[in-house]
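>>> dropping the sequence and predicted coords here.
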Amino acid sequence: MRAYLALPNFFDWFHSDLFLYHASEITRLLNNVRWSIYRYLGPAYAAAFQFTNNIAGYTFNVPAELTDPLAKAMWWDLMNRVRAAPWQSEFAVSPSLQQR
């Protein structure tokens, strides 16, 4: 009887908080995207990075195809972001949270 009385609460929770049910799986997928981008750009960063004697102590060799100043600035920003690994390590979630 008590289980039957709880059904309306369960219905409200499940239908209004469905995002909360899937939040950890969505977070895992987004984190995997970030790690994949980091790994993909790693070789480009390694090829472009150079130590120098300037104030920053480093420079990036910008690809010759990038001639627009905005594109060069965006390249620098991207390479600076690749310098550090994502702050959240890769993780798994319960298989029950990966289902419908």
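Great, that's in hand. Numbers count the residues shown, from 1 in each chain.
>>> center of the protein - which residue?
Closest residue to the average C-alpha location of the chain: residue 34 at 2.6 Å, with Cα atoms, centre = their mean.
>>> top helix in the chain by residue count?
Longest helix in the chain, counting residues (DSSP state H): helix 18-48.
>>> and residue 48, how many neighbours?
Residue 48 is flanked by 19 other residues according to other Cβ atoms under 10 Å. No exception for glycine: its C-beta is placed from N, CA and C like everyone else's.
>>> enumerate every residue touching the residue nearest to the centre of the chain.
Neighbour list for residue 34: 86, 88 [criterion: Cβ atoms under 8 Å, 6 or more residues apart in numbering].
>>> let's see it at 7 Å
The contact partners of residue 34, by Cβ atoms under 7 Å, 6 or more residues apart in numbering, come to residue 86.
>>> before we move on, what about residue 42?
Neighbour list for residue 42: residue 82 [criterion: Cβ under 7 Å, 6+ apart].
>>> could you check how far the residue nearest to the centre of the chain is from residue 87?
According to Cβ to Cβ, to the nearest Å, residue 34 stands 9 Å off from residue 87.
>>> over to residue 55?
With Cβ to Cβ as the criterion, residue 55 and residue 87 are 26 Å apart.
>>> where's the closest residue to residue 86 other than its chain neighbours relative to residue 25, distance?
Once flanking residues are discounted, residue 86 sits nearest to residue 34: 4.8 Å by Cβ to Cβ, 6 or more residues apart in numbering. From residue 34 across to residue 25, the span is 15 Å (Cβ to Cβ).
>>> now do residue 50 against residue 71, distance only.
19 Å.
>>> no no, residue 26
Counting by Cβ to Cβ, the gap from residue 26 to residue 71 is 32 Å.
>>> one more: residue 95?
Distance from residue 95 to residue 71, by Cβ to Cβ: 43 Å.
>>> where in this structure is pLDDT low?
Where the chain drops to pLDDT under 70, the residues are 1-21, 96-100.
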